[in-house]
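Chemist: Could you work out the structure for the sequence below:
(one chain, ligands or ions: 1)
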Amino acid sequence: MTTEALDVCAYLERAADALDLSEDVREVLMHPTRSVSASITVRMGDGSLKTFPGWRTIYSNALGPAKGGIRFHPTVDEHEVNTLAFLMTFKNALAGLPFGGGKGGVAVNPRMLSRHELERLARGYVRALKHDLGTGRDIPAPDVNTNGTVLAWMADELAALEGTAHTASITGKPIVLGGIPGRAEATGRGAAKVTMALKDHLGLADGASIAIQGFGNAGVQYAHDMHEAGYKIVGLSDSSGSVYSADGFDPSEAEAFKAEHRGLKGFADEAPGNDLRRAEADILVPAALGGWIDGDSAETVEAGVVVEVSNQACTVGGGDRLEERGIHVVPDILANSGGVSVSYLEWVQNRSGEEMTKEQVFDNLDRRMERVARQVASRAADDGVGLRAAAYRIAAARLAEAIESMGTRRLFNE
Ligand code: NAD
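Modeler: Okay, here's the model as predicted:
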């Protein structure tokens, strides 16, 4: 296990200083509790065997069983999994969910696998990590390149290994297998609710303009909800390119174009420099992969508000530079927590046996997101700090209380 502190631990250190947290609590939170690596060997369609490296990290289980997605991507490594597990820990704590933080990944390009190879990989991942997963220990969910089907294979494998239908052990399942309505919309909808709840804090005018990088699950839903609320979507991008119109787009038309042409390129004029960071817009929304705004690109951002829908959209240096420039940053651990909030509802539903309707899910989600957004804004105003610092202070205080309530003696075998 790595003992080197992650970059994102800077957020913890700042919160710990502000809250005057004990050295014991800092020491516990600076390192992942458990990080497991596995070699997942898969029988390929041509009869050969191929091995893929995989990881699962429980960063903290102070507040409950770990919770976080599993990512299938060629560039995933242990450091990325640990970083994302750290973010899940603070996201779940901020949202007030009874979960610790975890994350998993497999270094693979799933597009190079057949459906049967992908299924064997998903099931192999669960077999390799079966002692760690389970409803009271660690509850995976979908992430980049893992959808309901992949999670259904994983849930089935775990159930078979345990000889029981462990549907609460994995969330993001298809509805027919115990999944919950509204999960697909949850992240984008939650981020839109947060943005609207923070409208005054962020100094946004009616009809403020928005540029969104990444037009996938979260970006599309965010665009729809903000458009419906009267905001103007002026910039959009996906891996095919970026488009811009000062007059604004109807997201439904963009979605239809993308479905027909397999990308947004050609839907409208290309954004200046094909780079939405430089686009004129009141709100910039990174919703693709992390690290898009670093110390250098932060200099070029035109918007007055950045809403981090993707995890770690800003590097630590990039986020700091934006704030120095007077740009508000709505941090990932607040902006994209709608997804895990609805995963929590799926877990509750599976354990109670009582099913929720989509209306009930949205009502719960909307109230939850607005409440947490208001808490963060009010802490930021009281402490005279940015939204990220405020969010980490609230989350770190909760984690510290849990760790201290357990007694550090037990933790250190004194
Ligand atoms: P997705 O795969 O559905 O969509 C990603 C989009 O980004 C696609 O449209 C893709 O074309 C685009 N993209 C990729 N590279 C790009 C580039 N260089 N420039 C512009 N666009 C690019 O993913 P998603 O589920 O919408 O997730 C987006 C981000 O939000 C990810 O970072 C994810 O970790 C984070 N997130 C998602 C959820 C969720 O529930 N979906 C929850 C929390 C965080």
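
Chemist: Just the pLDDT at the closest residue to the ligand within the stretch 101-250 of the chain, thanks.
Modeler: For the stretch 101-250 of the chain, the residue closest to the ligand is residue 216, as judged by Cβ to the nearest ligand atom, at 1.7 Å. Quick note: C-beta positions are derived from backbone N, CA and C, even for glycine. Turning to residue 216, the model gives it a pLDDT of 93.

Chemist: residues near it, how many?
Modeler: Around residue 216 sit 15 other residues, with neighbours defined as other Cβ atoms under 10 Å.

Chemist: how about low-confidence regions in this protein?
Modeler: Judged by pLDDT under 70, the chain has its weakly predicted residues at 1-4, 166, 408-414.

Chemist: The ligand contacts on that one?
Modeler: When proximity is defined as Cβ under 6 Å from any ligand atom, the chain approaches the ligand at 143-144, 187, 213-219, 237-239, 287-290, 309-311, 336, 339.

Chemist: filter those to the buried ones?
Modeler: 143-144, 187, 213-215, 217-219, 237-238, 287-290, 309-311, 336, 339 (16 or more other Cβ atoms under 10 Å).

Chemist: Which ones among those residues lie within strands?
Modeler: Applying DSSP state E to these, the entries found in strands are 213, 237-238.

Chemist: Out of these, which comes closest to residue 383?
Modeler: Of all those, residue 383 sits closest to residue 213, with 29.9 Å by Cβ to Cβ.

Chemist: is it true that the closest one touches residue 285?
Modeler: Yes: with contact defined as Cβ atoms under 8 Å, residue 213 reaches residue 285; the gap is 6.8 Å.

Chemist: Between those two, which contacts overlap?
Modeler: Any residue near both residue 213 and residue 285 by Cβ atoms under 8 Å, 6 or more residues apart in numbering counts here, and that gives residue 219.

Chemist: How many residues are close by residue 112?
Modeler: 9.

Chemist: ok, now residue 114?
Modeler: For residue 114, the neighbour count with other Cβ under 10 Å is 11.

Chemist: ok, for it, nearest residue in space, not its chain neighbours?
Modeler: residue 45 (5.2 Å; Cβ to Cβ, 6 or more residues apart in numbering).

Chemist: That neighbour falls within a strand, correct?
Modeler: No: going by DSSP: H, G, I helix; E, B strand; the rest coil, the assignment for residue 45 is coil, not a strand.

Chemist: Could you report the neighbour count for residue 81?
Modeler: Around residue 81 there are 27 residues (other Cβ under 10 Å).

Chemist: any chance you could map the strands in the stretch 301-414 of the chain?
Modeler: 305-307, 328-330 (DSSP state E, counting those that start in this stretch).

Chemist: any chance of the ones you listed in TSV, plus mean neighbour count and distance to residue 155?
Modeler: Formatted as TSV, the strands of the stretch 301-414 of the chain follow (neighbours: other Cβ atoms under 10 Å; distance: least, Cβ to Cβ, whole Å):
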stretch	mean neighbour count	distance to residue 155
strand 305-307	27	32
strand 328-330	24	33
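
Chemist: In JSON lines: these, plus distance to residue 205.
Modeler: Shown next, in JSON lines, are the strands of the stretch 301-414 of the chain (distance: least, Cβ to Cβ, whole Å):
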{"stretch": "strand 305-307", "distance to residue 205": "11"}
{"stretch": "strand 328-330", "distance to residue 205": "14"}
